[in-house]
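Asker: Generate a structure from the sequence data that follows.
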Amino acid sequence: MRKPELAAAIAERTGLTREKSNEVITAITDQISAAAARGEDTTLIGFGTFSVRAREARNGRNPQTGASIRIPASKTVGFKAGKALKDTFR
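Answerer: All right, here's what the predicted structure looks like:
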C-alpha cells in the first residue's frame, strides 16, 4: 500500500477528505522523523516503536574490485513491531 492508497482508506473509514487524510499522514511521518532526528524513540502502543540505532564502524569489500574498505559508524532508524501488530500474523 502506498501513501495515496493509505490516505484513501483513512478517508473512507473516518469521513475525512483524501486531502485531509494525506495531511494527517504527512504530519505523523514528519513528527516521527523529527523525534528520530532528536534521538528520541516514538512508540505507538500496539503498533510498534521507531528507534534510533547505532551501527559500529566495520570493514567491507568493494563488490566491483574486491578491495577492502572501511565503512564508518552511522545511525539509522529501526522499527520493532508491537504485540498487536505481531498477533495479526498468527
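Asker: Could you check how far R38 is from V77?
Answerer: Going from R38 to V77 by Cβ to Cβ, to the nearest Å gives 12 Å. Yep, even glycine has a C-beta here, placed from its N, CA and C like the rest.
Asker: Compare the two (neighbour count), which wins?
Answerer: Using other Cβ atoms under 10 Å as the criterion, R38 and V77 rank with V77 on top: 15 against 8.
Asker: ok, F50 - contacts?
Answerer: 32, 35-36, 41-43, 77-79 (Cβ atoms under 8 Å, 6 or more residues apart in numbering).
Asker: for R58, that is, sorry about that
Answerer: Going by Cβ under 8 Å, 6+ apart, the list of residues near R58 reads 70-71.
Asker: how close does it sit to P72?
Answerer: Distance, R58 to P72, by Cβ to Cβ: 9 Å.
Asker: Mutual contacts of the two, please.
Answerer: Counting by Cβ under 8 Å, 6+ apart, nothing touches both R58 and P72.
Asker: can you pull out the strands in the chain?
Answerer: According to DSSP state E, the chain carries its strands in the segments 42-44, 48-55, 58-61, 68-71, 74-81.
Asker: Need those strands in JSON lines (columns: mean pLDDT).
Answerer: Putting the strands of the chain into JSON lines (pLDDT from 0 to 100) gives the following:
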{"stretch": "strand 42-44", "mean pLDDT": "97"}
{"stretch": "strand 48-55", "mean pLDDT": "96"}
{"stretch": "strand 58-61", "mean pLDDT": "96"}
{"stretch": "strand 68-71", "mean pLDDT": "96"}
{"stretch": "strand 74-81", "mean pLDDT": "96"}
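Asker: Cool, thanks, signing off.
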